[in-house]
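Asker: Sharing a sequence plus its predicted fold:
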Amino acid sequence: MTAIKRCTRRLANVADVLSFLSFSALRQPSPCAPDADAMLGLLAAARRVRAELRVHPSYQPLREKNVAVLMSRRPGPESALLQAAAIQLGARVALVTYAHRADPPGRAIDFLGDALGRMYDAIACECVPPPVPLQIARRAGVPVMVDLGSQAHQAAILADVMTLLEHPLAAHAPASVNLVGGAGSPRAEAFAASARGLGFAVRPADADGRFPSEATFEVDATKPEHWSLRARDGVLDQALRADNHLRLVQAVLVDEMTGLGGGWA
């Protein structure tokens with residue numbers, strides 16, 4: 001059993017499990033907040049997926065698996081990333097539209113959860129109102145992933161940290177990060193917690209928006225959906241950053257759907 005699954009068994013209820021899996025609010029104290037070992041394990045799993053695909057392009061651990069991507073709006077970058085990640089690993093992906101209503105989820109959601117659980121091996125909820133994934137998870141009997149393709153998920157946050165780690169300057173400890181903007185936002189706080197957990201010294205600006213000194217890296221979080229990462233020697237490789245995000249999403253999919261990810265142990 002992987003560590004992430006051992007961890008979810010200790011959580012009090014399905015709501016806590018979904019909150020843990022979405023990693024969208026690391027400001028909240030959690031008995032299973034990702035520690036360095038868990039994060040390093042996920043990074044290692046992502047690198048293994050990348051290595052397997054380079055050596056064996058036909059690597060498909062999700063072959064014959066079916067994934068439903070449940071959306072409350074038209075397909076966007078989140079669902080496109082999930083679709084690409086799952087298809088490359090051999091899964092069949094169906095985009096399912098959820099017609100959001102103002103009233104609380106009821107029998108219709110129970111029926112939807114039952115139906116999706118019978119038809120699919122996993123369900124990825126993207127931009128779906130919070131009560132809906134919870135109720136579907138109670139009924140479906142298959143893994144339910146919440147906002148896995150979003151920028152708020154730990155996979156996206158770790159993709160940024162992974163990009164810093166893979167830069168040659170990170171090898172010259174101690175590596176530091178000046179974090180520009182994003183004060184108080186869950187994503188910025190989650191990034192800072194993750195980066196510190198992996199050995200970076202993360203420094204927010206002072207009250208005047210200044211930093212005590214130049215850092216190894218600068219992360220500009222002033223635009224929530226378009227963070228920029230820079231090193232002292234220039235802008236970091238955006239293609240590598242995107243690929244890191246894709247591989248981390250794939251590592252989570254493999255772990256959740258097969259238990260063979262191995263990186264969480």
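Answerer: Perfect, I can see it now.
Asker: Pull stretch 158-175 out as CSV, backbone CA atoms only.
Answerer: Extracted in CSV, the C-alpha atoms of stretch 158-175 (Å, rounded to 0.1, in the frame of the first residue of the first chain):
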residue,chain,number,x,y,z
LEU,A,158,5.6,20.6,-7.1
ALA,A,159,6.2,21.1,-10.8
ASP,A,160,7.5,24.6,-10.0
VAL,A,161,9.7,23.3,-7.2
MET,A,162,10.9,20.4,-9.4
THR,A,163,11.9,22.9,-12.1
LEU,A,164,14.0,24.8,-9.6
LEU,A,165,15.6,21.6,-8.3
GLU,A,166,16.6,20.5,-11.7
HIS,A,167,18.4,23.8,-12.5
PRO,A,168,22.2,23.6,-12.1
LEU,A,169,22.2,26.5,-9.6
ALA,A,170,20.1,24.4,-7.1
ALA,A,171,23.1,22.1,-6.6
HIS,A,172,25.0,24.9,-5.0
ALA,A,173,23.5,25.0,-1.5
PRO,A,174,22.0,26.8,0.2
ALA,A,175,19.6,27.7,-2.6
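Asker: buried sites along that stretch?
Answerer: By neighbour count on 16 or more other Cβ atoms under 10 Å, the buried set for stretch 158-175 is 158-167, 170, 175. Placement of C-beta: from N, CA and C, glycine included.
Asker: ditto for stretch 67-82
Answerer: 67-71, 78-79, 81-82.
Asker: Would you format the buried residues of stretch 158-175 as a markdown table with distance to Asp220, secondary structure and pLDDT included?
Answerer: Formatted as a markdown table, those follow (distance: Cβ to Cβ, whole Å; DSSP: H, G, I helix; E, B strand; the rest coil; pLDDT from 0 to 100):
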| residue | distance to Asp220 | secondary structure | pLDDT |
| --- | --- | --- | --- |
| Leu158 | 18 | helix | 95 |
| Ala159 | 16 | helix | 96 |
| Asp160 | 11 | helix | 95 |
| Val161 | 15 | helix | 96 |
| Met162 | 18 | helix | 96 |
| Thr163 | 14 | helix | 96 |
| Leu164 | 13 | helix | 95 |
| Leu165 | 18 | helix | 94 |
| Glu166 | 19 | coil | 93 |
| His167 | 16 | coil | 92 |
| Ala170 | 18 | helix | 86 |
| Ala175 | 17 | coil | 90 |
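Asker: so which strand or helix has the most centrally placed residue in the chain?
Answerer: For the chain, the residue nearest the mean C-alpha position is Ala155 (2.5 Å; Cα atoms, centre = their mean). Secondary-structure assignment from DSSP states H and E places Ala155 in helix 154-165.
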